[in-house]
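>>> just need the structure, nothing else, for what follows:
(one chain, ligands or ions: 1)
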Amino acid sequence: MNVLVTGGAGFVGSHLVDRLLEENHQVTVLDLWESQDIVCHNNNPLYHFVKGSILDDNILPSIAKDKDRIVHMAAILGISESITTYDVEQVALVNIVGTIRILKAARKFSVPRVVFPTSPDVTWLNPYSITKQTTEKFSQLFNKEYDVETIALKFGKIYGPRERWLNATMGSPFNYQFLIPTILIETLRGNPVKIFGDGNQKSEYIFVYDVVESFVRALKTEKNLGGEIIHVGRNKNYSVNDIIETLERCWDRKIEKEYVKMRSGETPTEIVLDNKKLKDLLDYELKWDLTKGLKETIPYYEQAFKSFDNF
Ligand SMILES: NC(=O)c1ccc[n+]([C@@H]2O[C@H](COP(=O)([O-])OP(=O)(O)OC[C@H]3O[C@@H](n4cnc5c(N)ncnc54)[C@H](O)[C@@H]3O)[C@@H](O)[C@H]2O)c1
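All right, here's what the predicted structure looks like:
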């Protein structure tokens, strides 16, 4: 396949790019920055990096042409950062208008399929969740009215090596306060970890290699799954307190906690994702349980802690 991956320098995108290149697919990445995790592919003739924005109409047509698939990862994330740190209009522009431009390009150049990640159905009022839910509707519109085959994969919290943290020093344009990197990094720094609310809010936690496998299956399937929104979960969620306890066990280390008031953009919820469509449509069941995934994740942050100066 000849695949365009928008946001391919990011956490999830870079793992997917590794896998696609391993399988000898041709990969073009469009991103605002080139992370170290994809720079390593520069000598691979199958890899092509384009630095720029999905909103730049001078770039998109030339790289959408002749593609067999588009994986659209580029977005501004952050349940609370999309309120407190990033401009709400910019979040809407990148996440909604950017997605529409990708879908228009797919239509114009007859790209056979667009696969993209989305986030859980919540009633929270934050620009990230609002815009991700809106992109699902636009993708279904393009599938129904304009014959663009779109498949949405819905994830809870994705974790694993390369997920960045607030104030990460890797040159990325956006950083966020994601739970697992925050716990590991604050503990390595000798600081207590701030827990929002009582720590009983629950979500599904999906290890990034399971995420990559779901994308690869959605890219390759011979079924027409146009308009589908496939939940990638295992009908099992964990509270923030559960995550901390499991990390303490896997890491054999005490994690100091400080309970603070709930952050903006989120209200305590129990998110769970049904795995029926994942099994029926993509013939997949998640392979990485929480303990196995965390044991694979911890060494990355220990190593990062040693490598970065301004930690
Ligand atoms: N990480 C999670 O827990 C999670 C959960 C559900 C869905 N998702 C979705 O998965 C996708 C990837 O998330 P991630 O965790 O890898 O985030 P990330 O921030 O690591 O990756 C996103 C990438 O998009 C790029 N980007 C942002 N604006 C851009 C623009 N205008 N033009 C080109 N590139 C741009 C960023 O530079 C970044 O490299 C996102 O669409 C996100 O909404 C992530």
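>>> in this structure, which residue sits nearest the ligand?
Relative to the ligand, the nearest point of the chain is Gly10 (2.0 Å; CB to the nearest ligand atom). (Glycine included, C-beta is placed from N, CA and C.)
>>> pretty sure Ile59 sits against Gly52.
Yes - with contact defined as CB atoms under 8 Å, Ile59 counts as touching Gly52 (4.6 Å).
>>> what's the overlap in contacts for those two?
Counting by CB atoms under 8 Å, 6 or more residues apart in numbering, the contacts common to Ile59 and Gly52 are Leu30.
>>> picking that back up, excluding covalently adjacent residues, which one is nearest to the residue of the chain closest to the ligand?
Using CB to CB, 6 or more residues apart in numbering and skipping the chain neighbours, the partner closest in space to Gly10 is Met73 (6.2 Å).
>>> same check, this time on Asp31
Ala9 (3.9 Å).
>>> which residue packs closest to Ala236, ignoring adjacent ones?
For residue 236 the amino acid is Lys, not Ala. Glu204 is the one closest to Lys236 (CB to CB, 6+ apart), at 6.9 Å.
>>> helices of the stretch 201-311 of the chain, start to end?
Here the stretch 201-311 of the chain has its helices, by DSSP state H, counting those that start in this stretch, at 208-220, 240-251, 276-282, 290-307.
>>> most packed of those helices?
helix 208-220 (a mean of 21; mean count of other CB atoms under 10 Å).
>>> by contact count, what packs against that helix?
Secondary-structure packing of helix 208-220 (3 or more CB pairs under 8 Å, 6 or more residues apart in numbering; DSSP states H and E): helix 11-22, strand 69-72, strand 113-118, strand 150-154, strand 157-159, helix 276-282.
>>> neighbours of the residue nearest to Lys236, just the number please.
By other CB atoms under 10 Å, the residues close to Glu204 number 23.
>>> surely Ile79 is in a helix?
No - under DSSP: H, G, I helix; E, B strand; the rest coil, Ile79 sits outside any helix and is assigned coil.
>>> and for it, the neighbour number?
Around Ile79 there are 21 residues (other CB under 10 Å).
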